[in-house]
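> I'll drop the sequence and a predicted model, then ask my questions.
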Amino acid sequence: MFDILKYDFGYSWPIAWGLTIPLALAAGIGALAVWRSWPRWVAIVAALGVVWTVTGLVLLNVVWGINKPMVLPPVPFLESGNGRVLDAGAGSGRAAIGVLLARPGATVTALDIYDGYWGIEGNTPERFMTNARIAGAAARADARTGDMREMPFADATFDAVVSSYAVDHLNREGRGKAMAEVARVLKPGGDFLLLIVEASRWTMLVSPPLAHHAKPDLARWRALLQQHGFTILDEGTQPLTRYWLAKAER
């Protein structure tokens with residue numbers, strides 16, 4: 001749980017550690033309130049601020065582990081444990097490394113445009129491969145530069161596809177194109193594990209950087225999966241996340 005410095009997924013300081021700023025402010029105001037004998041309510045409010053920010057930091061960096069490989073949802077994704085997996089919109093590799101660790105017989109190809117800013121500093125194929133080496137799985141991993149809306153792979157190439165917090169960053173047209181491409185590159189009967197950000201009010205209380213995420217239209221996401229030939233097998237939540245396990249029926 002406390003191995004938060006082993007990997008380097010590159011999330012920007014404001015995302016991972018931004019709460020240290022209000023933590024320092026709250027602690028400073030609390031100390032001044034005690035020293036200068038300010039009204040008691042000032043110290044109480046400052047103490048609440050410290051509790052809030054420390055809670056948020058622990059949840060993000062220790063419990064939820066923003067700088068650790070993703071823990072796969074409790075669903076039978078690639079249940080055989082073997083096969084070729086695509087991580088569509090892989091970034092620095094939290095989901096891909098999570099698959100490599102959880103499915104030791106699988107190989108994973110990371111696909112990302114590796115361009116622009118999506119919360120990761122220095123988002124490159126080299127960073128992904130560095131994390132794969134740290135996990136001891138570099139021999140089962142490779143990275144490709146490409147757009148999930150126009151994937152550089154032949155039809156029916158992969159046994160399974162995972163996409164975490166990537167498709168939901170596209171516009172409506174882009175989401176449809178990405179779903180169509182996932183369906184195209186999956187083998188018939190292949191698994192698709194889709195994860196999107198679902199920030200509740202409670203989550204935003206401890207992680208203000210997530211406040212810009214609108215509440216997802218779950219019915220629209222289900223319809224999008226079904227529209228592109230997927231049968232939904234399971235749906236659930238993890239911290240910050242809504243996920244679906246679907247199967248390509250072609």
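That came through fine.

> and the closest residue to Asp87 other than its chain neighbours, how many residues sit next to it?
Leaving aside its sequence neighbours, Asp87 sits nearest to Ala96 (Cβ to Cβ, 6 or more residues apart in numbering; 4.0 Å). The way it works is simple: take the backbone N, C-alpha and C, and place the C-beta from them, glycine included. As a burial measure, Ala96 scores 30 neighbours (other Cβ atoms under 10 Å).

> and the gap between Ala96 and Trp52?
33 Å (Cβ to Cβ, to the nearest Å).

> for Arg220, same thing?
For Arg220, the distance to Trp52 - Cβ to Cβ - is 33 Å.

> who's more crowded, those two?
Neighbour count, other Cβ under 10 Å: between Arg220 and Trp52, Trp52 has more, with 16 against 11.

> ok, now which ones touch Ile97?
Counting by Cβ atoms under 8 Å, 6 or more residues apart in numbering, Ile97 touches 7, 69-70, 131-132, 135, 137.

> scratch that, Ala106
Here Ala106 is in contact with 78, 81-85, 99-100, 140, 160 (criterion: Cβ under 8 Å, 6+ apart).

> What lies in contact with the longest strand along the chain?
Longest strand in the chain by number of residues (criterion: DSSP state E): strand 186-197. Strand 186-197 is contacted from outside by 72-73, 75-79, 95, 156-165, 167-168, 182, 210, 213, 216, 221, 225, 230, 238, 240-250, using Cβ under 8 Å, 6+ apart.

> again, only using 6 Å
77-78, 156, 158-165, 168, 182, 213, 216, 241-246, 248, 250 (Cβ atoms under 6 Å, 6 or more residues apart in numbering).

> As TSV, the contacts of Ile97 with distance to Ala26, pLDDT and secondary structure would be great.
Formatted as TSV, the contacts of Ile97 follow (distance: Cβ to Cβ, whole Å; pLDDT from 0 to 100; DSSP: H, G, I helix; E, B strand; the rest coil):
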residue	distance to Ala26	pLDDT	secondary structure
Tyr7	30	90	coil
Pro69	32	94	coil
Met70	31	93	coil
Asn131	34	94	helix
Ala132	39	96	helix
Ala135	37	94	coil
Ala137	41	96	coil
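
> From Gly190, how far off is the residue nearest to Asp87?
Using Cβ to Cβ, one gets 16 Å for the distance from Ala96 to Gly190.

> Then His228?
13 Å.

> Looking at the two, which is more packed in?
A direct count of neighbours by other Cβ under 10 Å for His228 and Gly190 places Gly190 higher, at 26 against 20.

> Now the more buried one: closest residue in space, sequence neighbours ignored.
Nearest to Gly190 is Ala248, by Cβ to Cβ, 6+ apart, at 4.8 Å.

> what pLDDT does the one you found get?
If you check Ala248, the pLDDT there is 94.

> Quick one: neighbours of it, just the number.
Applying other Cβ under 10 Å, we find 23 residues neighbouring Ala248.

> For Leu245, give me its contacts.
75, 77, 193, 233-234.

> Confirm the residue nearest to Asp87 sits in a helix?
Yes: under DSSP: H, G, I helix; E, B strand; the rest coil, Ala96 falls within a helix.
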